[in-house]
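Participant: With the input below, show me the fold.
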Amino acid sequence: MTRMAMKDRREALIAAAVRVMVREGVTKTTTRAVVNEADMPLGVFHYCFNSREELLQEVITRMTDASVTAAKEAFGQAGDLASGISKSLQAFWQGVEKAPGEHLVTYELTGYALRQAGFEDLARRQYAHYLRLHEELLREVAERNAIQWTVPLPVLARYLNSVLDGLTLCWLVDRDDDHTREVLRLTGEHLTTLASPA
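Facilitator: As a prediction, the model looks like this:
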């Protein structure tokens, strides 16, 4: 095996874990399955991660951060609030359509964590991370457009997360593109009505 820095090994193991989860599901993603996928010895896993839970948390964080980064970049390319929100939602949705298996894994991880003794905090941290990133995005939107939200930011972040979370799960089940895009449009329009000049 070629020599790799610990950071690179961690990245390779995270990427391998995602591939195994998408292909076989969360419950079959054992540490042995992950190191086999990454073509590394089992000892490397324990050198890079303290536990399987830590690896799962990293998977959740990476997937979520990628979605929010795409949404922020799209917003930055827009000229006004309405088009910025629309482009941001579209960018998020393109990520869902591009990698549906990864988004399915996020729901599996939540259910697994809530059912598995000792892993409950993983689900709490997962959704706390979602809400924190949505708050950051909404705060940046407000600052960039010199507006203020007419509802408290934690409530608005939870609203946006609930819509996108529910919409994604619904689409994973029925793959109804037209109605999904209509819901995204309505969500964007509604968010715009919740803004007022700062």
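Participant: Just give me the residue closest to the centre of the protein.
Facilitator: Residue closest to the average C-alpha location in the chain (C-alpha atoms, centre = their mean): residue 64, at 2.2 Å.
Participant: And that residue, how far from residue 194?
Facilitator: Going from residue 64 to residue 194 by C-beta to C-beta, to the nearest Å gives 23 Å. C-beta: built from backbone N, CA, C; applies to glycine.
Participant: helices or strands next to the lowest-mean-pLDDT helix or strand in the chain in the packing?
Facilitator: Sorting the helices and strands of the chain by mean pLDDT, DSSP states H and E puts helix 52-76 at the bottom, at a mean of 86. When contacts are defined as 3 or more C-beta pairs under 8 Å, 6 or more residues apart in numbering; DSSP states H and E, helix 52-76 packs onto helix 6-24, helix 31-38, helix 81-98, helix 100-115, helix 120-145.
Participant: The last one relative to helix 52-76, how many degrees between them?
Facilitator: Orientation note: helix 120-145 sits at an angle of 20 degrees relative to helix 52-76 (axes from the mean of the first three to the mean of the last three C-alpha atoms, to 10 degrees).
Participant: Quick check: mean pLDDT of helix 120-145?
Facilitator: What helix 120-145 shows for mean pLDDT is 91.
Participant: what do you get for the third one?
Facilitator: With pLDDT averaged residue by residue, helix 81-98 scores 93.
Participant: residues in contact with that helix?
Facilitator: For helix 81-98, the surrounding residues in contact (C-beta atoms under 8 Å, 6 or more residues apart in numbering) are 66-67, 70-78, 103, 137, 141, 144-145, 147, 164, 168, 171, 180-181, 184-185, 187-189, 191-192, 195.
Participant: measure residue 5 to residue 35 for me?
Facilitator: Residue 5 is 17 Å from residue 35, by C-beta to C-beta.
Participant: Between the two, tell me which one has more neighbours.
Facilitator: residue 35 (21 against 8; other C-beta atoms under 10 Å).
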